[in-house]
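Q: Based on what follows, work out the 3D shape:
(one chain, ligands or ions: 1)
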Amino acid sequence: MLELRQLTKSYASGHPVLDKLSWQFRAGEFVAIMGDSGVGKSTLLNLIAGLDQPDAGPGQEASPILVDGVAMSGLDDDAATRLRRARMGFIFQAFHVLPHLTLLQNVALPLLLNGLPRGRAGQMLEAVGLGGRGADFPHQLSGGELQRVAIARALVHRPALVLADEPTGNLDPDTADTILTLLRQEIKATGACAIMVTHSHAAAAMADKTLQLTKLGIQETTIVNPFEQKTR
Ligand SMILES: Nc1ncnc2c1ncn2[C@@H]1O[C@H](COP(=O)(O)OP(=O)(O)OP(=O)(O)O)[C@@H](O)[C@H]1O
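A: Here you go, the predicted structure:
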């Protein structure tokens, strides 16, 4: 569904943050990405989202990011926007809930932009526990409630690829658990792939697999939920 081929990203300072990263993400898979602060997790998500560009030029892979076999680097701005809008859902800090729209309108936005029926917006608000709040405006919500709106909006149009950067960062453990269960159910129901960057072991334990990003590259690792460990 998503393939990274020798993906490399350097900032002006020179040394690559991501150095020839290769991985295949499959449809229906919920993957957590963990790693030390500054190792490049958000950079990786931004590149996949097309919000930032990988290194290009001699010695670099020509198509380092493929979505359903389509090279992101081969798309012009319009085509990249269409792909993002139709096929991706974002749970990023940068994609804030829009302040002048009601919660229902915020969640319905991806449906509107994709020409889809808007009925599912109300269902998604309900699924994140905000069923009665559709007419409210974002300023009336707590940080955690806003995050739930962002999650409903990211999933409402059944995207093939969900990208989440610390989606449960400002949620209490119970709400985080409910939200990740919902994310998981959605992925399993729609066959989407979700990639979640997190520092939380409890969140990572909800994923099918956890990848550890280090300076040396990316590799699968085993996460044990500390709350589920048996005491002897
Ligand atoms: N726009 C930028 N210009 C220059 N350097 C950047 C830029 N964005 C990120 N970096 C650097 O790239 C490295 C990786 O940053 P990134 O935000 O991807 O890390 P991260 O793993 O997500 O960290 P954290 O867990 O703290 O959020 C850091 O050293 C950061 O300073």
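Q: The spatially most central residue of the chain in helix, strand or coil?
A: A centroid search over the chain (C-alpha atoms, centre = their mean) returns residue 163, at 1.4 Å, as the residue closest to the centre. Put simply, residue 163 is strand when judged by DSSP: H, G, I helix; E, B strand; the rest coil.
Q: Would you check the distance separating stretch 144-156 from the middle of the chain?
A: Relative to its chain's centre, stretch 144-156 lies at 12 Å (C-alpha atoms, centre = their mean, to the nearest Å).
Q: Packing partners of the helix or strand hosting residue 122?
A: Here residue 122 sits within helix 120-127, counting by DSSP states H and E. Contact analysis of helix 120-127 by 3 or more C-beta pairs under 8 Å, 6 or more residues apart in numbering; DSSP states H and E lists helix 103-113, helix 143-155 as its packing neighbours. Any C-beta I mention is one placed from the backbone N, CA and C, and that applies to glycine too.
Q: what is the orientation angle of the first one with helix 143-155?
A: Yep, that's helix 103-113 we're talking about. On the basis of axes from the mean of the first three to the mean of the last three C-alpha atoms, to 10 degrees, helix 103-113 is oriented at 20 degrees to helix 143-155.
Q: What is helix 103-113 packed up against?
A: Counting by 3+ C-beta pairs under 8 Å, 6+ apart, helix 103-113 packs on helix 120-127, helix 143-155.
Q: which residues are contacting it?
A: Here helix 103-113 makes contact (C-beta atoms under 8 Å, 6 or more residues apart in numbering) with 85, 89, 97-98, 101, 116-118, 120-122, 124-125, 130, 133-138, 141, 149, 152-153, 156-157, 159.
Q: same thing but 6 Å
A: Around helix 103-113, the neighbours that count as contacts under C-beta atoms under 6 Å, 6 or more residues apart in numbering are 85, 97-98, 118, 121, 124-125, 133-134, 136, 149, 152-153, 156-157.
Q: Please pick the buried ones from those.
A: Neighbour counting over the contacts of helix 103-113 (16 or more other C-beta atoms under 10 Å) leaves 97, 121, 124-125, 133-134, 149, 152-153, 156-157 as the buried ones.
Q: the strands in the chain, which residues?
A: Taking DSSP state E, the strands of the chain run over residues 2-10, 16-25, 30-34, 65-67, 70-71, 88-91, 161-165, 193-197, 209-214, 217-221.
Q: thinking again about what came up before, just tell me which of the helices and strands packed on helix 103-113 ends up closest to residue 59.
A: Comparison of these against residue 59 by C-beta to C-beta identifies helix 143-155 as nearest, at 35.6 Å.
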